[in-house]
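[1] coords please:
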Amino acid sequence: MFFPADFDLYEPRLQGDQEWNQRRLDVRKRLQALGDQLKAAYAELGIGLDRRESLHNPHATNGKRVRRQRTMVFRDKKSRKGLQNFLGKELGKDLDSARNNVHFQICIDQQSCWWGLRIEESAWYDLNVLVKRAEESDGQKALAEACQAAPGFELELNRGGARPLEKMTTRDWRDFAGVVQPGQSSLEVVARMPKHAVVEAGEDWADGVIADLERLAPFYRLACWSSDSPSGVSW
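    So this is what the prediction gives:
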């Protein structure tokens, strides 16, 4: 899937060099294929998703440096339309950006690959749903069970404090509800693998990543805003 030379593309000396754009485009195409695999897997579960990739060329929006590349998979157009209608024109105007939705991601940089689920500060309506569930005993139980179904991931709040996802208890989720502030907090569920292990895994690596992300489906359902989410969205 990925080779040692792919990771070398993100060395500082190459990050801003346009001559390596074609090589980074090749990586982008492989990431797109992974994103499409994930979309197909979730479609079989009745969950519609769309896909976006990060830029593969130096540009003003990435500081003219390609430090890493990723594919991001998030709620599809139909689901975004429902959320846009609920939020209104102003609050719902940027939902076509993956960052403004709870999203899956598969990433590569100089040292490693990582994959999982992320909720940025800007996707506060999704994080708010997670908090609302964590405030109630039934929701705490559902979250703990979803975490147990996805071993091998770590949960990070505000880019730190990593803990094994599968060990999150109902009490942990109750405490989570007391400290998380939608709009100011971010959450990531992530698995990481160093580059040498990714290279050694070959094509099996991709299959393992997709299988890992499929196991996050129960958690995704609990974290993703929908019209029947608990308490909907509040601000």
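
[2] got the contact list for the residue lying closest to P194 once chain neighbours are set aside?
    For P194, ignoring the flanking residues on the chain, the nearest one in space by Cβ to Cβ, 6 or more residues apart in numbering is S112 at 5.1 Å. Where you see a C-beta, it was placed from the backbone N, CA and C, and this is true even at glycine. Contact analysis of S112 by Cβ atoms under 8 Å, 6 or more residues apart in numbering lists 192-195, 198.

[3] swap in L45?
    214, 217.

[4] three-state assignment of I106?
    Three-state call for I106 (DSSP: H, G, I helix; E, B strand; the rest coil): strand.

[5] how close does it get to S54?
    Distance of I106 to S54, given as Cβ to Cβ, to the nearest Å: 11 Å.

[6] Adjacent strands (with direction) for the strand or helix carrying F74?
    Counting by DSSP states H and E, the element that carries F74 is strand 68-75. According to DSSP bridges, strand 68-75 has the following sheet partners: strand 49-53 (antiparallel), strand 103-109 (antiparallel).

[7] packing partners for the longest helix seen in the chain?
    Counting residues, the longest helix in the chain under DSSP state H turns out to be helix 21-43. With contacts taken as 3 or more Cβ pairs under 8 Å, 6 or more residues apart in numbering; DSSP states H and E, helix 21-43 sits against helix 4-8, strand 49-53, strand 68-75, strand 103-109, helix 203-214.

[8] Report the buried residues of that helix.
    21, 24, 27-28, 30-31, 34-35, 37-39, 41-42 (16 or more other Cβ atoms under 10 Å).

[9] Same question for stretch 176-188.
    176-177, 180, 182, 185-188.

[10] returning to what we had before: format the contacts of S112 as a markdown table; extra columns: secondary structure, distance to A223 and pLDDT.
    Shown next, in a markdown table, are those (DSSP: H, G, I helix; E, B strand; the rest coil; distance: Cβ to Cβ, whole Å; pLDDT from 0 to 100):
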| residue | secondary structure | distance to A223 | pLDDT |
| --- | --- | --- | --- |
| R192 | strand | 20 | 98 |
| M193 | strand | 23 | 98 |
| P194 | strand | 28 | 98 |
| K195 | helix | 29 | 98 |
| V198 | helix | 27 | 98 |
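
[11] Now distance to G16 and neighbour count too, for those residues, in a markdown table please.
    Formatted as a markdown table, these follow (distance: Cβ to Cβ, whole Å; neighbours: other Cβ atoms under 10 Å):
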| residue | distance to G16 | neighbour count |
| --- | --- | --- |
| R192 | 25 | 15 |
| M193 | 26 | 17 |
| P194 | 25 | 12 |
| K195 | 21 | 19 |
| V198 | 24 | 21 |
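
[12] what's the burial count for H196?
    Neighbourhood size, H196 [other Cβ atoms under 10 Å]: 12.

[13] pLDDT weak spots in the chain?
    Across the chain, the ranges flagged by pLDDT under 70 are 231-235.

[14] 90 instead, please
    Scanning the chain for pLDDT under 90 picks out 82-96, 159-161, 226-235.

[15] quick one on the thing from earlier: tell me the buried residues in the next helix or strand after the strand holding F74?
    Downstream of strand 68-75, the first helix or strand assigned by DSSP H and E is helix 77-87. For helix 77-87, burial by neighbour count (16+ other Cβ under 10 Å) applies to 79-80, 83-84, 86-87.

[16] between the residues you listed, which is closest to M72?
    Closest approach between the buried residues of helix 77-87 and M72, by Cβ to Cβ: R80, at 13.6 Å.
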